[in-house]
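Visitor: requesting a structural model of the entry that follows:
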Amino acid sequence: MQNMLLDILQMIGSALFMVFFFGACIFIHELGHFLAARMCGLHIVAFSIGFRKAWAKKINGVEYRIGWIPCGGYVDLPQIDASDDVIKDENGNELPKAEPWKRMVTAIAGPLFNILFGLALGCVIWIAGLPQESPEMTEFKVRSVEEGSPEFAAGLRPGDVIIRRNGQSFRRTWGSFARDIMLHVGDTTLTVLRDGKEHDITYRPAINKKVSPAEEIPYPFFRPELPVTVCPEKGSPAWKAGLRDGDRVLSVDGKEVIGSDDLHVRVLYSCGRELVFTVEGKDGQVREVKVKPEPYAGVTEKDGMWMTGIAFSPNGLTADSALAGLPAEGKILHGDKVLSVNGKECKDVESFRGCVKEAGSSPMTIRVLRNGAETDVTLTPVFVLPHQIGVTFRIVTHPNPFQQFGSVLNLTWRSLKSVSAGIGHALGFDAGYTALGPKHLSGPVGIGKYLYISVYRGSLILGLNLVVLITFNLGLLNLMPIPVLDGGHVVLALLEMIFRRPVPAKVLQPIAYTFICILILFMLFVTFYDIKKLIPVSAPDKADPGAKTEQAVQNDTP
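Guide: You can find the predicted model right below:
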């Protein structure tokens, strides 16, 4: 009951975070316009916090409003609009045209405030540190490649060491490396070391629906071996045993650890038996540490599960490995394909889980296909409670605000380039191949979803990091030289300064109305796909405390 209450409070807190900061990014933008307009002496009709006026009060000629919808805000500046020959205030009185430099300053102030807001929040991230899924690496050793994938067809195999991408050396985290592949326009070439020789693997990235079915992104079909660095909580079993921040786990019980998901599963289903960790400290010294996992706080019998210990690969009922200390260890081999249980055919992982639960403590006869021949394996499930040692699997970096801004600037440019190429490719132009397109962009619905998830399943720092990305993007995109955007107002003001006269309204109006229609249709298009992404896929269960997995681990029980 207490865990349920905490979960509800966290859901509420995550929702409030989403509403507040999503609105704050818009509000800060409009505040920049408002303050610049006041400084330039422009006529301001209203300044509103939120939308759909609920309360208003006029002070010094400006109506300050509070809206029923507490998300963002707006400022009503009639003199900024250059599409009318005659400009009027809220009472129908004619207003003088604003000087071009004043319009330019007012237009730029909104995006500038977004960037300043991002730099300010970036200082918090700089001080607190930002978790990364892996250290920055100059090479990646391939752990597995999905058969039938473009990478596998091109010749990529487990054990290959990737040393270059498209002819360039790299120093990237795994997440950044995967993003580089997804955003690249054209075929991808991976240079790998195999048996001491270099080989080029060239392939065309494809949509990987197994990673995120709703998103349909070209995420790589291969997984690397990543070093596992732990951060133990003080007073936890790991801390008491002698593990310390920055210790890199090399093996557990003599078996190599190939990722944080691998280590998490071994601890989770250890049944509380003592584990021998071989770790390398920050000083480079290798030592052994004996750790005895403990059940999660508040865990009861209802949280337990019947297990055999088979960990399935993404390819259905094919075994990837057998979990140490559980019945399948030594009996189920890598590559075994489960055909039936007690004579009953198994079609998928879910049906196998049902068979395990039904068997309980009774022996199960599992028929597997091994090396082309069928064989029977007898396993007796055991009841397992989830255990933990009190560590998080993360590496913390401290990028300064300007590094964060540079990263967002680079990401924004590459994203726009990739999406533009996708549009051109769809229209039949030779713009280069990319699996990304407009449907992969996010509108208010998608942004709100990611903000919520970043806090609910992550942390406040991860949430703030996303807010920084959003507010930087809001500023940068508004500077694009498109009519109705701030960048468009800047361009019109510059043209007026150069040619000494404004662009005629009869020329500007149709252009402005056309772009307004395009933006509205684009927002409807993006929102449609945002909602579509929400409907078909249910959110995965929130990870256990201390878990940091790259992908959900598929074993015979959840």
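Visitor: when you work out contacts or count neighbours from here on, use the C-alpha atoms and nothing else.
Guide: OK.
Visitor: helices along the stretch 1-150 of the chain, start to end?
Guide: Ranges of helices in the stretch 1-150 of the chain, per DSSP state H, counting those that start in this stretch, are 2-40, 100-128, 150-154.
Visitor: surely Arg287 and Glu280 touch.
Guide: Yes. Judged on CA atoms under 8 Å, Arg287 makes contact with Glu280 at a distance of 6.5 Å.
Visitor: between those two, who's got more neighbours?
Guide: Between Arg287 and Glu280, counted using other CA atoms under 10 Å, Glu280 has the larger neighbour count: 18 against 11.
Visitor: OK, contacts around the residue lying closest to that one once chain neighbours are set aside?
Guide: Sequence neighbours aside, Val286 is the residue nearest to Glu280 in space, at 4.4 Å (criterion: CA to CA, 6 or more residues apart in numbering). Contact analysis of Val286 by CA atoms under 8 Å, 6 or more residues apart in numbering lists 278-280.
Visitor: just give me the closest of these to Gly242.
Guide: Nearest to Gly242 out of those is Val279 (CA to CA; 10.5 Å).
Visitor: give me the neighbour count for that closest one.
Guide: 24.
Visitor: residue numbering should commence at 10 henceforth.
Guide: Sure, I'll start numbering at 10, so the last one becomes Val288.
Visitor: three-state assignment of it?
Guide: strand (DSSP: H, G, I helix; E, B strand; the rest coil).
Visitor: cool, and Lys243?
Guide: Taking three-state DSSP, the label given to Lys243 is coil.
Visitor: how far away is it from Thr401?
Guide: Using CA to CA, to the nearest Å, Lys243 is found at 12 Å from Thr401.
Visitor: the more surrounded of these two?
Guide: Neighbours were counted for Lys243 and for Thr401 using other CA under 10 Å; Thr401 has more, 18 against 13.
Visitor: residues near Pro109, how many?
Guide: Pro109 has 23 neighbouring residues, counting by other CA under 10 Å.
Visitor: flag the shaky bits of the stretch 160-309 of the chain, pLDDT-wise.
Guide: Applying pLDDT under 70 to the stretch 160-309 of the chain flags residues 222.
Visitor: where along it do the helices fall?
Guide: Going by DSSP H, counting those that start in this stretch, the stretch 160-309 of the chain shows helices at 183-192, 246-250, 269-277.
Visitor: need the ones you listed in JSON lines (columns: mean neighbour count and distance to Asn69).
Guide: JSON lines is the format used below for the helices of the stretch 160-309 of the chain (neighbours: other CA atoms under 10 Å; distance: least, CA to CA, whole Å):
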{"stretch": "helix 183-192", "mean neighbour count": "18", "distance to Asn69": "50"}
{"stretch": "helix 246-250", "mean neighbour count": "19", "distance to Asn69": "62"}
{"stretch": "helix 269-277", "mean neighbour count": "21", "distance to Asn69": "60"}
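Visitor: looking at these, spot the one closest to Trp422.
Guide: When the helices of the stretch 160-309 of the chain are compared (using CA to CA), the closest one is helix 183-192, at 10.2 Å.
Visitor: distance from that closest one to the middle of the chain?
Guide: The chain centroid and the centroid of helix 183-192 are separated by 12 Å under CA atoms, centre = their mean, to the nearest Å.
Visitor: again with stretch 220-228
Guide: In this view, stretch 220-228 has its centroid 11 Å away from the chain centroid, taken as CA atoms, centre = their mean.
Visitor: measure it end to end?
Guide: First residue to last in stretch 220-228 (CA to CA) measures 7 Å.
Visitor: save the helices of the stretch 10-159 of the chain as TSV, and put in distance to Ala435 too.
Guide: Formatted as TSV, the helices of the stretch 10-159 of the chain follow (distance: least, CA to CA, whole Å):
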stretch	distance to Ala435
helix 11-49	32
helix 109-137	32
helix 159-163	21
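Visitor: most tightly surrounded among those helices?
Guide: Neighbour counts (mean count of other CA atoms under 10 Å) averaged over each of these peak at helix 109-137, with a mean of 21.
Visitor: which strands or helices does it pack on?
Guide: Applying 3 or more CA pairs under 8 Å, 6 or more residues apart in numbering; DSSP states H and E, one finds that helix 109-137 makes contact with helix 11-49, helix 410-435, helix 469-487, helix 495-508.
Visitor: the ones you listed: which one's closest to Val151?
Guide: Val151 lies closest, by CA to CA, to one member of the helices and strands packed on helix 109-137: helix 410-435, at 25.4 Å.
Visitor: state the mean pLDDT of the closest one.
Guide: Averaging the model's pLDDT scores along helix 410-435 yields 88.
Visitor: immediately after it, which helix or strand?
Guide: helix 453-462 (DSSP states H and E).
Visitor: that following helix - what's its average pLDDT?
Guide: The average pLDDT within helix 453-462 is 84.
Visitor: swap in stretch 64-74?
Guide: Stretch 64-74 comes out at a mean pLDDT of 89.
Visitor: for it, measure first residue to last.
Guide: 6 Å.
Visitor: give me the contact list for that stretch.
Guide: Against stretch 64-74 from outside (CA under 8 Å, 6+ apart): 53-58, 62-63, 75-76.
Visitor: swap in stretch 29-47?
Guide: Taking CA under 8 Å, 6+ apart as the rule, stretch 29-47 contacts 52-53, 56, 58-59, 79-84, 86, 111, 114-123, 126, 457, 476, 479-480, 483-484.
Visitor: switch to 6 Å and redo it
Guide: Identification of contacts with stretch 29-47 by CA atoms under 6 Å, 6 or more residues apart in numbering yields 80-83, 115, 118-119, 122-123, 480.
Visitor: can I get that stretch in CSV, CA atoms only?
Guide: Below are the C-alpha coordinates for stretch 29-47, written out as CSV (Å, rounded to 0.1, in the frame of the first residue of the first chain):
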residue,chain,number,x,y,z
PHE,A,29,5.2,23.6,-15.2
PHE,A,30,8.4,23.4,-17.3
PHE,A,31,6.6,22.9,-20.6
GLY,A,32,4.7,26.1,-19.8
ALA,A,33,7.8,27.8,-18.5
CYS,A,34,9.7,27.4,-21.8
ILE,A,35,6.8,29.2,-23.6
PHE,A,36,6.3,31.8,-20.9
ILE,A,37,10.0,32.7,-20.9
HIS,A,38,9.9,33.1,-24.7
GLU,A,39,6.9,35.5,-24.5
LEU,A,40,8.5,37.3,-21.5
GLY,A,41,11.5,38.1,-23.7
HIS,A,42,9.2,39.7,-26.3
PHE,A,43,7.3,41.6,-23.6
LEU,A,44,10.3,43.1,-21.9
ALA,A,45,11.9,44.1,-25.3
ALA,A,46,8.7,45.7,-26.4
ARG,A,47,8.5,47.7,-23.2
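Visitor: tell me the mean pLDDT over it?
Guide: 91.
Visitor: any chance you could map the strands in the stretch 60-209 of the chain?
Guide: 71-85, 96-97, 103-104, 139-141, 149-154, 170-174, 197-203, 206-212 (DSSP state E, counting those that start in this stretch).
Visitor: go through the host helix or strand of Lys366 and flag the buried ones.
Guide: Assigned by DSSP H and E, Lys366 belongs to helix 358-368. Buried residues in helix 358-368, defined by neighbour count with 16 or more other CA atoms under 10 Å: 358-362, 364-366, 368.
Visitor: got the domain boundaries for the protein?
Guide: 10-51+86-142+403-567, 149-234, 237-310+397-402, 314-393 (automatic domain parsing).
Visitor: need those in TSV (columns: distance to Gly70).
Guide: Shown next, in TSV, are the domains of the chain (distance: least, CA to CA, whole Å):
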stretch	distance to Gly70
domain 10-51+86-142+403-567	11
domain 149-234	48
domain 237-310+397-402	56
domain 314-393	65
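Visitor: what residues are up against Asn351?
Guide: Contact partners of Asn351, counting by CA under 6 Å, 6+ apart, are Thr374.
Visitor: what does the one 10 residues further on give?
Guide: Applying CA under 6 Å, 6+ apart to Phe361 gives the contacts Cys355.
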